[in-house]
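# Sequence and predicted structure below; questions after.
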Amino acid sequence: MRCILILFFLSQLASAKPFGPGEALLDYTLDPAWMQGAGVVSGLDAAVVNTDLVSDAVGFSHAEDRVFWIDMTISTPVWHVVTDDVRGPAALCAIDVDYDNDMDLIVSSRWNRRLLLFLNQGDGSFVAGADVASGIDTAVALFAADIDGDGRDDLVGISDFDREVFWLKHYVDGSFGGKQHIASTSGWPTQLEIIDFNDNGAPDIAVLDSGPGAVVVLGNNGTGSFVQTARLGTGLSSFTAAVFEGTRPDVIALSSTLGGCFGYRNDDAGGFDPALTLASGLNGHQIAAQGDLDHDGDHDLLLNDYAGNQILWMNNRGGLAFDSPAVAALSPAGPTLSLLVDADGDSDPELIQGSLLGSELMHYQGFASNPYSAWLDDYGLPSDANPPEGDANGNGENNLTAYAYSLSPVAMGEWHRLVLETGTSGLPSGVFHDASSDLGIEFIRRRESSSGLIYSAASSTNLVDWISVDLDAATISVIDPDWERVRVMLPPSSGQRGFLRLSVDYN
């Protein structure tokens, strides 16, 4: 008898990452010859641009004076230029200006000190409209939100030159009113979030004031009148707001100089509890995005590690208890901005990642909610013939990528592979059955069905026809409350070679 032990693979499956390998979203055909590959994407957002009702990516490049959108719902994403004559785009907002159920774009021009309007024609093409406003110097963030409770989305922004938070009322005829001052900041305002912190039905504002490095929370009384309700932290460089615990939004902020990541729990009384240290040693990092990446109902964090050329995942275990940062994906060089978007409509967040160098954008498929399979096969094949992704079992579904085993690409086309024994790497290899022995496989699996992991096995004598193996008849030994050892033994196969494989599915 000879068995193969797959403990190392399955014990690491519990730390599966939320993204698969990335592919470049190159727009070289749009760049002039002298700039090919050098146009850095400066801003990204998600919006339903065309008629397929699935989110696309919209963005801009400050260096190229360009505003664009990317149709992400087709097999090969296609870039579309909205305009390449904005004169230093600094912010972008998708909003239905003319109430025709198509998302239009408002873009801030740094050098012209204007808010420009581009009207969506319903099919993803745009025409320039009348300026929304002039003399705003310079809006570096724009959001659409119903500030005064009249049922229409208004425009909220921050100006780094004027060091203020402002809003523009949106009227029923599609026009906007003049700039209305909300608050001043002592330093440049660098980040803006709009969310209802106190559950009164009116959107509040959180802004990062770079002077003291504090997150300032401005409460909205529902009519567009604001008052400061909280001032959180010092030395902070990025933040996000979402319901991480309970029913009301919390704030999580990071200091790239101090290296700490801090959580501010909503106290449900109009304020926030003192800071909790969630992680340390994050010097040079920034909070890039937040969302439920593993579909456990809790919002996780993505961090950009510029110096390390990687994107880190802080998995939320519930409330404000996070795992230590782990590598979620690799950036070609210097990650700068991140966008989580469900581009294929499968309720599974994907990552679109910008970087300072290398590819302008990378697209990482998400697979947290989709069923996927990993077959641990004994084919007698070298590791390069049993790649870390693909449809190895021929069922029409993509198999679990090497990311599920905590593997990551070290360069384009290169992978770390696990060494199982001397001279053997990758997935288990080598036929381990002959006519005089039993066919067996032994593995370790999680005991709780709540983990979402489903194990199944199959046997074959020709690597083509596979017969399901009843794991209920296997010998099971409890290791601890979380893990158990499973041994499957099959009778000799009458002189033929036999093969066993184990499938690990996640739903």
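Sure, I can see it.

# hey, let's count contacts and neighbours off CA atoms from now on
Fine.

# quick one: buried residues of whichever strand or helix holds Gln180?
Applying DSSP states H and E as the criterion places Gln180 in strand 176-184. Within strand 176-184, the residues scored as buried using 16 or more other Cα atoms under 10 Å are Phe176, Lys179, Ile182, Ala183, Ser184.

# Kindly report the same for stretch 128-144.
Val132, Ala133, Ile136, Asp137, Thr138, Ala139, Val140, Ala141, Leu142, Phe143, Ala144.

# what residues does that stretch touch?
Contacts with stretch 128-144, where a contact means Cα atoms under 8 Å, 6 or more residues apart in numbering, come from 90-95, 106, 108-110, 113-119, 153-162, 175-176, 178-179, 190-192, 194.

# Which of those fall in strands?
By the criterion of DSSP state E, membership of the contacts of stretch 128-144 in strands covers 90-95, 106, 108-109, 114-119, 154-159, 176, 178-179, 190-192, 194.

# Among these, name the buried ones.
90-95, 106, 108-109, 114-119, 154-159, 176, 179, 190-192, 194.

# Might you list the low-confidence residue ranges for the stretch 401-507 of the chain?
401-446, 448-453, 460-464, 480, 482-483, 489-507 (pLDDT under 70).

# quick one, helices of this protein?
7-13 (DSSP state H).

# related to what we said a few turns ago, what sits up against the strand holding Gln180?
With contacts defined as Cα under 8 Å, 6+ apart, strand 176-184 is touched by 132-133, 163-171, 225-226.

# And for His476, the neighbour number?
That one is not His; residue 476 is Ile. Look at Ile476: counted by other Cα atoms under 10 Å, it has 16 neighbours.

# So it versus His170, what's the distance?
According to Cα to Cα, to the nearest Å, Ile476 stands 65 Å off from His170.

# Likewise for Ile467?
Counting by Cα to Cα, the gap from Ile467 to His170 is 64 Å.

# So between the two, which is more surrounded?
His170 (25 against 12).

# Run through the bridge partners of the more buried one.
In this structure, His170 bridges to Phe176 when assessed by DSSP bridges.

# Quick check: it touching Asp154?
Yes - using Cα atoms under 8 Å, His170 is in contact with Asp154, at 4.8 Å.

# Give me the common contacts of the two.
Counting by Cα under 8 Å, 6+ apart, nothing touches both His170 and Asp154.

# which stretches of the stretch 251-400 of the chain have low pLDDT?
In the stretch 251-400 of the chain (pLDDT under 70), the answer is 330-332, 345-347, 357-359, 367-400.

# Tell me where it has strands.
With strands called from DSSP state E, counting those that start in this stretch, the stretch 251-400 of the chain shows them at 261-264, 276-279, 285-291, 300-305, 310-314, 326-330, 335-341, 350-355, 361-366, 372-377.

# So which residues make contact with the first one?
It stands for strand 261-264. By Cα under 8 Å, 6+ apart, strand 261-264 touches 232, 250-255, 272-280, 282, 320.

# tell me the contacts of the closest residue to Leu115 other than its chain neighbours?
Excluding the flanking residues, the one nearest Leu115 by Cα to Cα, 6 or more residues apart in numbering is Ser108, at 4.6 Å. Counting by Cα under 8 Å, 6+ apart, Ser108 touches Pro89, Ala90, Ala91, Leu92, Arg114, Leu115, Leu116, Thr138, Ala139, Val140.

# What distance do you get for the first one to Asn50?
In other words, Pro89. Pro89 is 22 Å from Asn50, by Cα to Cα.

# cool, the fifth one as well?
In this view, Arg114 and Asn50 are 26 Å apart by Cα to Cα.

# Same question for the fourth one.
Distance check for Leu92 against Asn50: by Cα to Cα, it reads 18 Å.

# Also the third one?
According to Cα to Cα, Ala91 stands 21 Å off from Asn50.

# Likewise for the last one?
When Cα to Cα is the yardstick, Val140 and Asn50 sit 26 Å from each other.

# rewinding a little: redo the strands of the stretch 251-400 of the chain as JSON lines? Include distance to Ser456 and mean neighbour count.
Formatted as JSON lines, the strands of the stretch 251-400 of the chain follow (distance: least, Cα to Cα, whole Å; neighbours: other Cα atoms under 10 Å):
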{"stretch": "strand 261-264", "distance to Ser456": "41", "mean neighbour count": "23"}
{"stretch": "strand 276-279", "distance to Ser456": "38", "mean neighbour count": "17"}
{"stretch": "strand 285-291", "distance to Ser456": "31", "mean neighbour count": "23"}
{"stretch": "strand 300-305", "distance to Ser456": "30", "mean neighbour count": "24"}
{"stretch": "strand 310-314", "distance to Ser456": "29", "mean neighbour count": "24"}
{"stretch": "strand 326-330", "distance to Ser456": "27", "mean neighbour count": "21"}
{"stretch": "strand 335-341", "distance to Ser456": "32", "mean neighbour count": "23"}
{"stretch": "strand 350-355", "distance to Ser456": "28", "mean neighbour count": "25"}
{"stretch": "strand 361-366", "distance to Ser456": "23", "mean neighbour count": "22"}
{"stretch": "strand 372-377", "distance to Ser456": "9", "mean neighbour count": "22"}
